[in-house]
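Student: missing the sequence, but the structure's below:
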């Protein structure tokens, strides 16, 4: 009688989660909340070669240790294709939509961390920031000494404001020149659609750059997108003056 060989149990594979968003979206906070995971932060600060070497070392170390605990990678910019090819096992992605604060969370930050109880302020801050955590905190900090909403907006959007300085020092340096140029064009439009941007710029296909700006959380869903036949987007409102200072 022939005995069939026992089927092999598939080897468990490590799941990798990519957390990609612009500076200030809370990538580190999200990563720190993942228990029993190996975290490698700020891949954007390394060269492509260094990123690939790091991933291969992590894979080798984990194989030798026999662990399949999740791996979390964070970056301010999308990973280079060569880096993505170095990933093994299932890959999940988290972005600005997963990291942005909801209106109730904005309200909680304003009240619990800054003592701000103005009932209208949370909706205004969320509208201005799209829930971008650092922008929410910059708004809250300014609001502690400026209760008037119009004056608060002017304070946050004038040249040299905390928002402008943060943009110049923390976000803008991560953008390629062509992406920044497209963002400046987009900032002049209230409702964004990829084909419209292509017409306005009159240049080559902008789809990839537009997708990157959206993926990093610089371009977000327009609150009135349901009023038009196709979904639209816009640049985060509080960033518009900083992105186009010479125009606004």
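Tutor: All right, it came through fine. Quantities reported herein were computed from a predicted structural model and do not represent experimental measurements. Numbers count the residues shown, from 1 in each chain.

Student: where is the longest helix in this structure?
Tutor: Of all the segments assigned as helix in the chain under DSSP state H, the longest by residue count is helix 48-65.

Student: give me the distance from that one to the chain's centre.
Tutor: 25 Å (C-alpha atoms, centre = their mean, to the nearest Å).

Student: adjacent strands (with direction) for the following helix or strand past it?
Tutor: With elements assigned by DSSP states H and E, the helix or strand that comes after helix 48-65 is strand 71-75. Partners of strand 71-75 in the sheet, by DSSP bridges, are strand 16-20 (parallel), strand 38-40 (parallel).

Student: weakest of those by average pLDDT?
Tutor: Summarising mean pLDDT across the strands paired with strand 71-75, the least confident stretch is strand 38-40, with a mean of 92.

Student: contacts for stretch 211-229, please.
Tutor: With contacts defined as C-beta atoms under 8 Å, 6 or more residues apart in numbering, stretch 211-229 is touched by 20-22, 25, 76-78, 95-96, 99-100, 127, 130, 132, 171, 179, 182-183, 186, 190-192, 210, 231-236, 239. C-betas here are computed from N, CA, C, even on glycine.

Student: again, 6 Å this time
Tutor: For stretch 211-229, the surrounding residues in contact (C-beta atoms under 6 Å, 6 or more residues apart in numbering) are 21-22, 25, 95-96, 130, 183, 191, 231-236.

Student: do the same with stretch 181-193
Tutor: 200-201, 206, 209, 213, 222, 232-235, 240, 243-244.

Student: picking up where we left off before, quick one, which of the contacts of stretch 211-229 has the minimum pLDDT?
Tutor: Within the contacts of stretch 211-229, residue 231 has the lowest pLDDT, namely 69.

Student: of the contacts of stretch 211-229, select the buried ones using a ChimeraX command.
Tutor: Buried residues among the contacts of stretch 211-229 (16 or more other C-beta atoms under 10 Å), as a ChimeraX selection:
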select :21,22,25,95,96,130,183,232,233,234,235,236
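
Student: a markdown table please, covering the contacts of stretch 211-229 and showing secondary structure and distance to residue 119.
Tutor: Compiled in a markdown table, the contacts of stretch 211-229 are given as follows (DSSP: H, G, I helix; E, B strand; the rest coil; distance: C-beta to C-beta, whole Å):
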| residue | secondary structure | distance to residue 119 |
| --- | --- | --- |
| 21 | coil | 29 |
| 22 | coil | 30 |
| 25 | coil | 27 |
| 95 | coil | 31 |
| 96 | helix | 27 |
| 130 | coil | 20 |
| 183 | helix | 33 |
| 191 | coil | 29 |
| 231 | coil | 30 |
| 232 | coil | 29 |
| 233 | strand | 28 |
| 234 | strand | 25 |
| 235 | strand | 27 |
| 236 | coil | 23 |
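
Student: residue ranges in this structure under the pLDDT threshold?
Tutor: 1-13, 194-205, 225-231, 245-248 (pLDDT under 70).

Student: centroid-nearest residue for it?
Tutor: Using C-alpha atoms, centre = their mean, the residue of the chain that lies closest to the mean C-alpha position is residue 21, 2.4 Å off.

Student: now it: phi and psi?
Tutor: Note on residue 21: backbone dihedrals following degrees, to the nearest 10 are phi -170, psi 160.

Student: okay but it is in contact with residue 96, surely?
Tutor: Yes: contact between residue 21 and residue 96 holds when scored by C-beta atoms under 6 Å: they sit 4.7 Å apart.

Student: distance to residue 143 added to the contacts of stretch 211-229, as TSV?
Tutor: Shown next, in TSV, are those (distance: C-beta to C-beta, whole Å):
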residue	distance to residue 143
21	24
22	23
25	21
95	28
96	23
130	17
183	26
191	28
231	31
232	29
233	27
234	23
235	22
236	18
